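**Student:** got a predicted structure plus its sequence, pasted below:
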Amino acid sequence: MKPFTSKNIVLENQRVVLLPFKHERNLELKNIIFHEDIWRFMGSSIKNDIDFDEYISSTLKENELAISYAFIIIDKASNKVAGSTRYGNIDMKSEKCEIGWTWFGKEFQGTGLNKACKYELLNYGFEQLKLRRIQFSVDLENIRSQKAIEKLGATKEGLFRNNYIDIHNNSKDDVYYSIVLEDWKNIKESHFSELL
């Protein structure tokens, strides 16, 4: 059976459309990607056209290898490309994955698009892919993202020390969260009612 990463997955609600990263609109990310704050907690940095081309290439390669499945985020109100997100650390044998690698252009931060995106990813993950666990990891210093994940109803599970190395070769700690299948129905109704 082919992995789900070979499919052409489009997710949509009243706020957002998630297109497969391979879509030609991925080049529009260049309009919003060159902002240092976006990459502060990402373990990489996109500063010029060479970095951008490498980002596009490596993201597409991960999809091809079924390592991750990335999306382009479209803000439905403006029809502008707002950022990117993905399923990663995919383990279909254990029926789990991670949602992350999410970033938004500055004008789209704090607009509610993140919650709308995460709803579509969680809903598809649990109800179509039949996952049992979806996890999130956030840099210990990234308080804003931790609060955003907590607003989704995710359970804080603990601290992973020295979990990744940043662009300055510093070891960084991550906080891990999860939502499991048994919790999804209640979380869907209590935290995402406006998107149902």
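**Tutor:** Sure, I can see it.
**Student:** so residue 119 sits in a helix?
**Tutor:** Yes - under DSSP: H, G, I helix; E, B strand; the rest coil, residue 119 falls within a helix.
**Student:** pull the number of nearby residues for it.
**Tutor:** Residue 119 has 22 neighbours, counted by other Cβ atoms under 10 Å. Every C-beta, even on glycine, is put in place using the N, C-alpha and C of the backbone.
**Student:** now it: how far from residue 39?
**Tutor:** Distance of residue 119 to residue 39, given as Cβ to Cβ, to the nearest Å: 25 Å.
**Student:** and the helices in this protein?
**Tutor:** Under the criterion DSSP state H, the chain contains helices at 49-64, 113-127, 143-150, 181-191.
**Student:** now those as JSON lines including mean pLDDT and distance to residue 86?
**Tutor:** Converted to JSON lines, those look like this (pLDDT from 0 to 100; distance: least, Cβ to Cβ, whole Å):
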{"stretch": "helix 49-64", "mean pLDDT": "96", "distance to residue 86": "8"}
{"stretch": "helix 113-127", "mean pLDDT": "98", "distance to residue 86": "9"}
{"stretch": "helix 143-150", "mean pLDDT": "95", "distance to residue 86": "15"}
{"stretch": "helix 181-191", "mean pLDDT": "98", "distance to residue 86": "20"}
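**Student:** which stretches of this structure form strands?
**Tutor:** Taking DSSP state E as the test, the strands found in the chain are 11-12, 16-20, 69-75, 80-91, 96-104, 133-139, 155-165, 171-180.
**Student:** which of the ones you listed sits most buried?
**Tutor:** Mean neighbour count, computed with mean count of other Cβ atoms under 10 Å, is highest for strand 69-75 among the strands of the chain, reaching a mean of 24.
**Student:** who touches that strand?
**Tutor:** Residues from elsewhere that reach strand 69-75 (Cβ atoms under 8 Å, 6 or more residues apart in numbering): 4-5, 9, 11, 15-21, 23, 25-26, 28-29, 59, 62-63, 80-88, 90, 101, 104, 108, 111, 113, 117, 121.
**Student:** at 7 Å what do you get?
**Tutor:** Strand 69-75 is contacted by residues 5, 16-21, 23, 25-26, 29, 59, 63, 81-87, 108, 113, 117 when judged by Cβ atoms under 7 Å, 6 or more residues apart in numbering.
**Student:** what's the answer for stretch 84-95, then?
**Tutor:** Contact with stretch 84-95 is made by 21, 29, 66, 68-73, 97-103, 117, 121, 130-132, as judged by Cβ under 7 Å, 6+ apart.
**Student:** now it: how far from the chain's centre is it?
**Tutor:** Relative to the chain's own centre, stretch 84-95 is displaced by 10 Å; criterion: Cα atoms, centre = their mean, to the nearest Å.
**Student:** again with stretch 95-115
**Tutor:** With Cα atoms, centre = their mean, you get 5 Å for stretch 95-115.
**Student:** can you give me the end-to-end span of it?
**Tutor:** Length of stretch 95-115, first residue to last, Cα to Cα, to the nearest Å: 23 Å.
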